[in-house]
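# Got a predicted model here, sequence first, then my questions.
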Amino acid sequence: MKTTAVLILDHIDDPEGLEALYRQDPEAFRESLDEAFHAARDSTALRVWRARLEYREVLPGAKYGLGLWYTLGICFVVGALVRLPAIWLGEEWYYPRFAPLWIILGITGYFLIRRPDRTLLISGVSLTLAAIVYVSLLPSYSAGNQVYYSDSIVMALIHLPLALWGYLGLVFLGEAWRDEQSRVRFVRYSGELVILTSLVGLGG
């Protein structure tokens, strides 16, 4: 049984506790509610929660439409940040430094919109500014039209996206980062994202 399902059963007679669990990680709560319900079918509280969540899912898609516009807006902004500055800064210099930064931060922004967190937002802005300054100051040398980096700079450009991916994980998990099932869900999401990105890249 999932950890969240166990927590739901532990708080089955605690309405405030169930509400706190839902607010902590709505997606994990939704995924675990059915499992908890099958273990306690006579629970009025779980029946109410099931009806509440299912009812919200069939409401007219106002929030869905708003989320779609947010997603399109993020895609447009990230696409502009990835493509436009490369025109005058040069693709060989700009893309290795900034393309992974904008793409990962764009995904992170999507989850921050879905699950706002002031602390994570402030830390994300600080991290972004520090990353921009850092990659802008990394040295390189040119030979003809080619831009070359030392091995240490290449390692820095490889590890910076990994650090940003860690920040994405914190935003994705929110307060549920200690939950084992939630961490597994993030790993699964990351794997699916890498596979889909690879397929899109191979397709041109």
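In hand now; what should we look at?
# Just the element for residue 113, please.
helix 91-114 (DSSP states H and E).
# again with residue 87
Per DSSP H and E: residue 87 is located in helix 62-89.
# Let's test this: mean pLDDT of that helix, rounded?
The average pLDDT within helix 62-89 is 78.
# Show me what that helix packs onto, helices and strands only.
Applying 3 or more C-beta pairs under 8 Å, 6 or more residues apart in numbering; DSSP states H and E, we find helix 62-89 packed against helix 91-114. Where you see a C-beta, it was placed from the backbone N, CA and C, and this is true even at glycine.
# Can you point out the buried residues in the helix holding residue 87?
Residues 74, 78, 81, 82, 85, 86 are the ones in helix 62-89 that count as buried (16 or more other C-beta atoms under 10 Å).
# Closest one of those residues to residue 195?
Distance to residue 195 across the buried residues of helix 62-89 (C-beta to C-beta) is lowest for residue 78, with 19.8 Å.
# wait, what's in contact with the closest residue in space to the closest one that isn't next to it in sequence?
In space, and not counting its chain neighbours, residue 78 is closest to residue 106: 3.7 Å by C-beta to C-beta, 6 or more residues apart in numbering. Residues counted as contacts of residue 106 (C-beta atoms under 8 Å, 6 or more residues apart in numbering) are 74, 75, 77, 78.
# Dump the residues you listed to TSV, plus distance to residue 198.
Converted to TSV, these look like this (distance: C-beta to C-beta, whole Å):
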residue	distance to residue 198
74	21
75	19
77	23
78	18
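# out of those, what pair is the most spread apart?
Counting by C-beta to C-beta, the most remote pair of those is 75 and 77, 7.5 Å apart.
# Checking my notes, residue 147 in a strand, right?
Yes: under DSSP: H, G, I helix; E, B strand; the rest coil, residue 147 falls within a strand.
# Please name the bridge partners of it.
In this entry, residue 147 is beta-bridged to residue 142, by DSSP bridges.
# neighbours around it, how many?
16 (other C-beta atoms under 10 Å).
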